[in-house]
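> Can you look at this prediction? I've put the sequence above it.
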Amino acid sequence: MCTPAPGGRGRGRVRLNVGGRVFQTTATTLAAAGRDTMLGAMLDASWNAAAAGDEADYFIDRDPACFAVLLDLLRTGGLHVPPHIPDAVLCREALYYGLLDRVRAARWDDFDGDRLRLAASVPGRAPGDGTAVRAAPDGGCCVAHGGAVRVYNWMLEERRPVYLDHAPVNDAAYLDASTLLVAARERPGRRDGGVAAFSALTGEMRHRFRVAHDRQVRSFTPGALAFDQECSIFASCKGRLNEYGIGVWDGTTGEQTGFFYEPPGCALGDADKLQWLDGTKTLMAATMFPRADSSFISLLDFRDKNVVWSWCDVGTPASLEDKHAVHAIAMEDGRSICVINQYDDLGFLDLRSSAGGVRWRSRSKLMSRKKVHAEETCYPKLATHAGQLFASTNDAISVFTGPDHALTSTLRGSDGGAICDFSIGGDRLFALHNEKNVFDVWETPPPPII
């Protein structure tokens, strides 16, 4: 509640009575909050006809201690929170004033893999069952646990989870900050698999994406998920009648817009990694060892249903036959794909040529680390962000920087065992550990205020 108190009103000095405590500041300080915030709009003459004099006097029926922190943030740009103010209370008040984004920006800087610091370790809810972690665009995340997906906001408070009645989750992805896509596999004798969109706020299902063949809806098990800049949704699909391939839907209407049937030698239906390449308007589909006996990577052009590039490790030299690519990521320059094998070697495939194999780089081999005991093997994973390459190996994540991909940083967090998955988004890195099912949160600290 915000009401002008009796007295002068205007854009010079401003006096605010917040919950019985009086604050004095200037209109310039409050205007720095922005016109789309409550404090900025309060002094905007186009919104508040009372703003016309030299001095304004307002009463706001909110928490005065939190307001003091937020006012200091507007004055100095720094966030200094006394220990007696809980984060949840401060964020609630910041949301009321329209300053939540400013509070987040003051807590951490733009993402930089070489400056990341461990910010939190969040214990899991189902030990040993975490299979995937996905970063949300707003700094939150979700963690897949068997037939459930647990959702966390950017304050790492758990929201209402997504339950799939014990149908195991294969993949999850954020279409936007409020929409979560979930791919779940079918259980024997039941038609409960598929892809669906859920509210990331309430956990309620919004839409179920169907696959039709010959105008008949068919059941299927999806593997990996991806989407492009135009909100098209892709999923690798395995049907009951050998209908293998990549399904595509319109993310706005939910209608199926196509299906890329699996050609010989591509293994699209089993793909466990999909990635949209905006530069070439193609989809990378990778089916990796040990899901398959060999590793397959293809680039698909959905405009004419054509495989424009492909690679597999069948027929590799005897010296490399036991070194299978277990994960792949298309580099941000659009010219190569980075792969990693089960021995933590990095290799690169040239997308500009259909000939040649992996260029394994001995200097890119990750530093030797202590082996972490785990009930299940955690194969390494890859990610790219802002020109840097990230690779998980055992209980750490290695950061590679520059055109030669030099190892520049190593991230090692909680004692939760080997890292089974990690994800980057919302200016944070989330790493899910296998044994204790804990996930670590890494942030880039803000620069010092001079």
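Structure received.
> phi, psi of residue 245?
In terms of degrees, to the nearest 10, the main-chain angles of residue 245 are phi 160, psi -160.
> That one and residue 267 touch, don't they?
No: counting by Cβ atoms under 8 Å, residue 245 does not reach residue 267; the two are 10.3 Å apart. Every residue, glycine included, has its C-beta placed from N, CA and C.
> Which residues are in contact with the residue nearest to the spatial centre of the chain?
Centroid-nearest residue in the chain, with Cα atoms, centre = their mean: residue 135, separated by 2.3 Å. Counting by Cβ atoms under 8 Å, 6 or more residues apart in numbering, residue 135 touches 141, 174, 423-426, 428-430.
> and if we set it to 6 Å?
141, 423-426, 430 (Cβ atoms under 6 Å, 6 or more residues apart in numbering).
> Make CSV from the residues you listed and add pLDDT and distance to residue 169 to it.
Converted to CSV, the contacts of residue 135 look like this (pLDDT from 0 to 100; distance: Cβ to Cβ, whole Å):
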residue, pLDDT, distance to residue 169
141, 96, 14
423, 98, 14
424, 98, 20
425, 96, 18
426, 92, 21
430, 97, 16
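> and of those, the nearest to residue 61?
residue 426 (32.4 Å; Cβ to Cβ).
> Specify the local secondary structure of residue 103.
For residue 103, the assignment made with DSSP: H, G, I helix; E, B strand; the rest coil gives helix.
> Just give the nearest non-adjacent residue to it, would you?
The shortest distance from residue 103 to any non-neighbouring residue, by Cβ to Cβ, 6 or more residues apart in numbering, is to residue 94 (4.6 Å).
> can you tell me which helix or strand that neighbour belongs to?
helix 87-97 (DSSP states H and E).
> in that helix, what counts as buried?
Buried residues in helix 87-97, counted by 16 or more other Cβ atoms under 10 Å: 90-91, 93-94, 96-97.
> again, but for stretch 233-252
So, applying 16+ other Cβ under 10 Å, buried residues of stretch 233-252: 233-239, 243-249, 251.
> Mean pLDDT per helix and strand in this structure: which one sits at the bottom?
Sorted by mean pLDDT, DSSP states H and E, the helices and strands of the chain end with strand 2-4, the least confident at a mean of 50.
> Mind checking what helix or strand follows it in sequence?
Remark: after strand 2-4, the chain's next helix or strand is strand 10-18, criterion DSSP H and E.
> angle of that following strand against helix 87-97?
140 degrees (axes from the mean of the first three to the mean of the last three Cα atoms, to 10 degrees).
> Give me the phi and psi for residue 25.
phi -150, psi -170.
> Equivalent analysis for residue 390, please.
According to degrees, to the nearest 10, residue 390 has phi -120, psi 140.
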